[in-house]
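Enquirer: With the input below, show me the fold.
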Amino acid sequence: MIWLSLVSFLATALCAACIVRWGRGHAANYSAAMPQRFHMGDVPRLGGAALLAGMAASWALGALQSLLWGDPGSLRLGNWVGWWMACLIPAALGGMAEDMTQRLPVRFRLMLTALSGGIALMVLNMNVSRLGLPWLDAYLVEMPWLGMCIVVLAVAGLPHAFNIIDGYNGLAGMVALIVCLALAHVSLQVGDRALASLLICTAAATMGFLVWNYPRGMLFAGDSGAYIWGVMIALSSIALVQRNHEVSPWFPMLLLMYPVWETLFSSYRKLARGVSPGVADALHFHQLIYRRIVRGVFHDDESRRVLMRNNRTSPYLWGFTMLTVVPAVLFWSNTPVLMVFCGLFGLTYVTAYLAIVRFKVPLWLKH
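Expert: As a prediction, this is how the structure comes out:
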């Protein structure tokens, strides 16, 4: 796994370097009037292409190692790895098209991520047969199509959840890195080395991207990067629970509670104001932290000043993410405890959001 992760890291970092050097032209299409823009200048948004290259290189090498060289690491990879990559392709291409043109409607991108979920149903035989609630699990057994719908919904929705939290240097990338490592840890605990190797390669590719994204902000993940993280993490979460019955279905739910709850709360907030959930705004949790908690930075160079303040925002959200990751990793097999922590996080999020909106943030958070 160390060898594969090194290949993934280097391939992503080198591909990202090429994009930073020669792929800046399309960045001019991203209007300065966009509400999510918190940077100066034109920055390439094709970090997803670098991620895909690094993951493809390491996954292919792992499959070759298992098929041709005796599988020295006992990873049990094989031709099926290609089907995982096939699931990523529709969502990744849709994200890249949006990153290049800024003209692909939300419904088309949602259809492409749903297509990724449909491919997973057909070629990976993924299904959700249990949710940790006996009365609901009985319905899933009697009506398997409900589990299939959950698979498509998860694979279609999680990429857009990652896209929502992708607002500042290192934010979505670090959340994806933490989640992948947590999933890999539990995969190793239950002996699922094949899934763990894919997740570790994804984490290494994310680190290769972060070399250029944080703190210098020379490359953004864009929609393509968010969609790749979302689809990969959704597929891994479903596969981990499906293949290992000792893992609670609420483990990935708690692990991903931050981006999922951010999406649900944002949809509710917009609908309450009579606005479509697909309309972008600047009232997400991380954007409020940027405006009302992160202290201003004084510097003669405006672009440098914006960059420094941008970089100071993400660590707040990294700490916020750990509120779910730590208990999820500690209690990954205990459904009642995981459910309690999910409820506590939802309450904590709403309380913190209202406190920021009402200017009731403790002074120690502003230092």
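
Enquirer: Sketch out the low-pLDDT regions of the stretch 151-300 of the chain for me.
Expert: The model of the stretch 151-300 of the chain has pLDDT under 70 over residues 295-300.

Enquirer: just so I have it, where are all the helices in it?
Expert: For the stretch 151-300 of the chain, helices defined by DSSP state H, counting those that start in this stretch occupy the ranges 171-189, 193-213, 222-243, 250-255, 257-272, 285-292.

Enquirer: gap between the shortest one and the chain center?
Expert: For helix 250-255, the gap between its own C-alpha mean and the chain's C-alpha mean amounts to 14 Å (C-alpha atoms, centre = their mean, to the nearest Å).

Enquirer: contacts for that helix?
Expert: Residues from elsewhere that reach helix 250-255 (C-beta atoms under 8 Å, 6 or more residues apart in numbering): 132, 179, 182-183, 186, 237-238, 240-241, 260, 324-325, 327-329, 331-333, 335, 338-339, 341-342, 345. All C-beta spots, glycine's among them, are computed from the backbone N, C-alpha and C.

Enquirer: Let's have the helices of the stretch 151-300 of the chain in JSON lines, adding distance to K360.
Expert: Below are these laid out as JSON lines (distance: least, C-beta to C-beta, whole Å):
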{"stretch": "helix 171-189", "distance to K360": "24"}
{"stretch": "helix 193-213", "distance to K360": "32"}
{"stretch": "helix 222-243", "distance to K360": "31"}
{"stretch": "helix 250-255", "distance to K360": "27"}
{"stretch": "helix 257-272", "distance to K360": "18"}
{"stretch": "helix 285-292", "distance to K360": "10"}
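
Enquirer: Tell me which of the ones you listed lies nearest to D71.
Expert: Evaluated over the helices of the stretch 151-300 of the chain, closeness to D71 peaks at helix 193-213, with 10.1 Å, by C-beta to C-beta.

Enquirer: tell me the angle of the closest one relative to helix 222-243?
Expert: Going by axes from the mean of the first three to the mean of the last three C-alpha atoms, to 10 degrees, helix 193-213 is angled at 160 degrees with respect to helix 222-243.

Enquirer: buried stuff in helix 193-213?
Expert: Across helix 193-213, burial judged by 16 or more other C-beta atoms under 10 Å covers 193-210, 212-213.

Enquirer: returning to what we had before: out of the helices of the stretch 151-300 of the chain, which comes closest to P315?
Expert: helix 171-189 (8.9 Å).

Enquirer: how far out from the middle of the chain is the closest one?
Expert: Relative to its chain's centre, helix 171-189 lies at 10 Å (C-alpha atoms, centre = their mean).

Enquirer: Which strands or helices does that helix pack on?
Expert: Helix 171-189 sits against helix 144-165, helix 193-213, helix 222-243, helix 250-255, helix 302-330, with contacts defined as 3 or more C-beta pairs under 8 Å, 6 or more residues apart in numbering; DSSP states H and E.

Enquirer: which residues touch the nearest residue in space to L6 that is not next to it in sequence?
Expert: Leaving aside its chain neighbours, L6 sits nearest to A204 (7.2 Å; criterion: C-beta to C-beta, 6 or more residues apart in numbering). By C-beta under 8 Å, 6+ apart, the contact set of A204 is L4, S5, L6, S8, F9, T12, G54, S58.

Enquirer: G47 touches M218, doesn't it?
Expert: No: judged on C-beta atoms under 8 Å, G47 makes no contact with M218 at a distance of 9.9 Å.

Enquirer: Who has more neighbours out of those two?
Expert: The neighbour count for G47 versus M218, taken as other C-beta atoms under 10 Å, is higher for G47 (33 against 19).
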